[in-house]
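Novice: structure for the following, please:
(chains A, B and C)
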Amino acid sequence: MTPAVRRWVFLVAAAGAGALLLWGLSGLPDYGVYAGPYGDVLNQVAVAERKAANVVAAVTFDYRGIDTMGEEFILFAAVLGVAILLRAQRDETEQPPDEDAADRHATSTSNAVRVVGLALVGPVVLFGIYVVAHGHLTPGGGFQGGVVLATGALLVYLSGEFVTLRRVSPELLTDAAESTGAAGYVAVGLLGLAAGATFLENVLPLGQPGQLLSAGTIPLLNLVVGVEVAGGFVLLLYEFLEQTLVIRRPGEVT
Amino acid sequence: MSFLPYAVAAWLLLVGLYGVVTSRNLVHAIICLSVAQSSTYILLLSVGFRRGGTAPIFLDVPVGTKAVDPVVGALTLTDIVVGATVSALLLALAVQAYKHNGSLDPERLGKAQD
Amino acid sequence: MIVLEVCVFLLVAAAGTAVVLTRDPLNQAIVASFYGLILGIMFFVYQAPDVALSQIVVGAVALPLMILLALAKVRALAGSGKDDR
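Specialist: Residues are numbered from 1 along each chain as shown, chains lettered A, B, ... in the order given. Coordinates of the predicted model:
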């Protein structure tokens, strides 16, 4: 099928699918009018029941905690897939990046970028820890804070070189962090079983809403998810950078 | 006006699919796929929106003020992070495909043998 | 607020179309980063700050970064001799 024929077949099919989609979507309630009962029930009840001020965090990690476990394992499997796909193949060699790091910079990083990047690493990591720790009180949580923490590692690479990143976050450490995060979620779930309740039930003391140590297992789950997401994204960054800077095929130009 | 969000979601889905179907570069197709994915976020959040409502966080507003639906927000925020990771997996596949075929063009994949 | 909502929706539709119509992947990474930012603003208008935070961090920082790294590897394999790192 030539590209032109494919384009016309798609346009006809899209017109039909679009018509069906719009007809179906017109049956939804008007935009801005929320009729369903579940959201209202949760908003009334969640703060009193789970002592968590952020109802979205309570839904993610408590009421629908098992869905989040599935999502976390999708993330784990995707990072695993990238690590397997981008390993050194049979005919590739690993060239240590120290050797030609100096003459690889056709345009060397400017001093302004280096200084500002280095100065921002501390505040970014601190902000990431803050977002992870306060997930049950303010907007935030494990997923967002984990990606912010991984951005700190990116700043380390931008303000230095790849060898700096390798020294600061060695591969073994990020592997261990990611696996600990994924296993930690299941471990907190088993805590519920060990206490005589169901899997992933909120069995730790609940405290008062608005305090840092409240809402039972929710801050704990935020913490393990933050560790896992941060480890996963740093590992992704690491694998892609290693492909570009370290692994060489025969006949490849730097 | 009341139909605009749903129309935008349907438009983005179809435009993303058009990009995937008529793409000449694997990386371009992967980015168009992420655009099609973002249409589902818009649809989910449109269903749960309440006009005049605030964010469902009751730290300094009393419980009982009108708020939007928290369930769709919970679904969407995990979806965004996981979607980006799956896009990274697809990009790694594209890099490996380039290594074995010498081209990122979907038309030429599977015909050049290594 | 109605005017703000209509403007943001139209901007989202236009930015999404621009991402698809940009054919060169290197330019498309920048347009995708801008699209992620516009989506983040739209999630703010939807009164969902958690989702907006997630979208801004992922869609404007992490995703374009990985696209650029994949493109750098493809360019190195091509051996085109361009060294504009």
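
Novice: now for the helix-or-strand element of chain B with minimal mean pLDDT, which elements pack on it?
Specialist: Within chain B, no helix or strand scores below helix B:70-101, which has a mean of 90 by mean pLDDT, DSSP states H and E. Judged by 3 or more CB pairs under 8 Å, 6 or more residues apart in numbering or on different chains; DSSP states H and E, helix B:70-101 is in contact with helix A:37-50, helix A:55-58, helix A:65-85, helix A:142-159, helix A:218-245, helix B:26-47, helix C:49-57, helix C:63-78. C-beta coordinates here come from the backbone N, C-alpha and C atoms, glycine included.

Novice: surely C:V61 meets A:G152?
Specialist: No. Between C:V61 and A:G152 there is no contact, the gap being 11.5 Å when judged by CB atoms under 8 Å.

Novice: quick one, which of the two is more surrounded?
Specialist: In this view C:V61 and A:G152 are compared by other CB atoms under 10 Å in any protein chain shown, and A:G152 has more residues nearby, 22 against 18.

Novice: against A:A195, how distant is that one?
Specialist: If you measure A:G152 against A:A195 using CB to CB, to the nearest Å, the figure is 36 Å.

Novice: what's the answer for B:G48, then?
Specialist: Using CB to CB, we find B:G48 at a distance of 33 Å from A:A195.

Novice: those two: which is more packed in?
Specialist: B:G48 (23 against 11).

Novice: OK, contacts around that one?
Specialist: Taking CB atoms under 8 Å, 6 or more residues apart in numbering or on different chains, we find B:G48 in contact with A:34, A:39, B:68-69, B:71-73.

Novice: widest-spaced pair of those residues?
Specialist: The span of the contacts of B:G48, defined through CB to CB, is set by A:Y34 and B:G73 at 12.6 Å.

Novice: of the two, which one has the most company?
Specialist: Using other CB under 10 Å as the criterion, A:Y34 and B:G73 rank with B:G73 on top: 31 against 21.

Novice: for that one, what are its contacts?
Specialist: So B:G73 contacts A:56, A:59, B:45, B:48, B:56, C:48, C:50-51 (CB under 8 Å, 6+ apart).

Novice: drop anything exposed from those residues.
Specialist: Neighbour-count burial (16 or more other CB atoms under 10 Å in any protein chain shown) applied to the contacts of B:G73 gives A:56, A:59, B:45, B:48, B:56, C:48, C:50-51.

Novice: can you tell me what sits against stretch A:238-252?
Specialist: With CB under 8 Å, 6+ apart as the test, stretch A:238-252 has contacts from A:82-83, A:86, A:88, A:91-97, A:104, A:157, A:162, A:165-166, A:169, A:171, A:174, B:88, B:92, B:95, B:99, C:66, C:69-70, C:72-73, C:76-77, C:79.

Novice: what's the ChimeraX syntax to select whichever of these are buried?
Specialist: ChimeraX command restricting those to the buried ones, with burial defined by 16+ other CB under 10 Å:
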select /A:82,83,86,92,97,157,162,165,166,169,174 /B:88,92,95,99 /C:66,69,70,72,73,76,77
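
Novice: my guess is A:T217 contacts A:F61. True?
Specialist: Yes. At 7.4 Å, A:T217 counts as touching A:F61 under the criterion of CB under 8 Å.
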